[in-house]
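Colleague: Below: sequence and its predicted model.
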Amino acid sequence: PPMQEMCEGLSALHDAHPHGREDRMAIHPVVRVHPADGRKALYISEHFTRRIVEMSAPESDNFLRFLTNWVQSPRFTVRYHWTAGTIGMWDNSCTQHYVLNDFDGERVIQRVTVMGDQPDGPSPRWQPWPEVASRSAMSRHDRQLSHFLRHGSAEAAE
């Protein structure tokens, strides 16, 4: 299909400013190939993708709006109806997610990150491993694994 072919040749500027990281930008392909199964998926985000590099600003704005509406269309969505004991898991490499605050009660979130997969595109200007929250149950393990993968030893990460 023509739209898929067009997307495959494009790259986009992503900005980490929504998370308070004004100096962290990277260019990634608009289409990402899943590292495990080889399937292609759009790699854009309403909150982080700033522009399509190969397009003028007005073209980029309109095209990103079109792609965002496509990704968010009901035929591609899943809605969890939470009950006690429900667990939701997804693959962030090909899934976008958001929460609707339409329920009462406490929401408990535990994030698990699988280390090793790197985004496509040129090397970023910053450390590619995710920062680990000091209160994360896996923080010590994540620090050790990250250090081991970079340096071959986990001792200094303690």
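Modeller: Good, I have the coordinates. Numbers count the residues shown, from 1 in each chain.

Colleague: Can you pull the poorly scored residue ranges out of the protein?
Modeller: Within the chain, the segments meeting pLDDT under 70 span 18-23, 113-150, 152-158.

Colleague: May I have the phi/psi pair for Arg32?
Modeller: According to degrees, to the nearest 10, the main-chain angles of Arg32 amount to phi -110, psi 140.

Colleague: Now it: closest residue in space, sequence neighbours ignored.
Modeller: Nearest in space to Arg32, with sequence neighbours left out and distances taken as C-beta to C-beta, 6 or more residues apart in numbering, is Tyr43 at 3.8 Å. Just so you know, the C-beta spots here come from the backbone N, C-alpha and C atoms, and that holds for glycine as well.

Colleague: Was I right to think that neighbour contacts Ala12?
Modeller: Yes - A contact is recorded between Tyr43 and Ala12 when judged using C-beta atoms under 8 Å, the distance being 7.5 Å.

Colleague: Show me which of these two is the more surrounded one.
Modeller: Comparing Tyr43 with Ala12 by other C-beta atoms under 10 Å, the one with more neighbours is Ala12, at 28 against 21.

Colleague: picking that back up, distance check, the residue nearest to Arg32 against Ala84.
Modeller: Tyr43 is 35 Å from Ala84, where distance means C-beta to C-beta, to the nearest Å.

Colleague: list the buried ones in the longest helix seen in the chain?
Modeller: Taking residue count as the measure and DSSP state H as the definition, the longest helix of the chain comes out as helix 57-71. Along helix 57-71, the positions that meet the burial threshold by neighbour count (16 or more other C-beta atoms under 10 Å) are Ser60, Phe63, Leu64, Leu67, Thr68.
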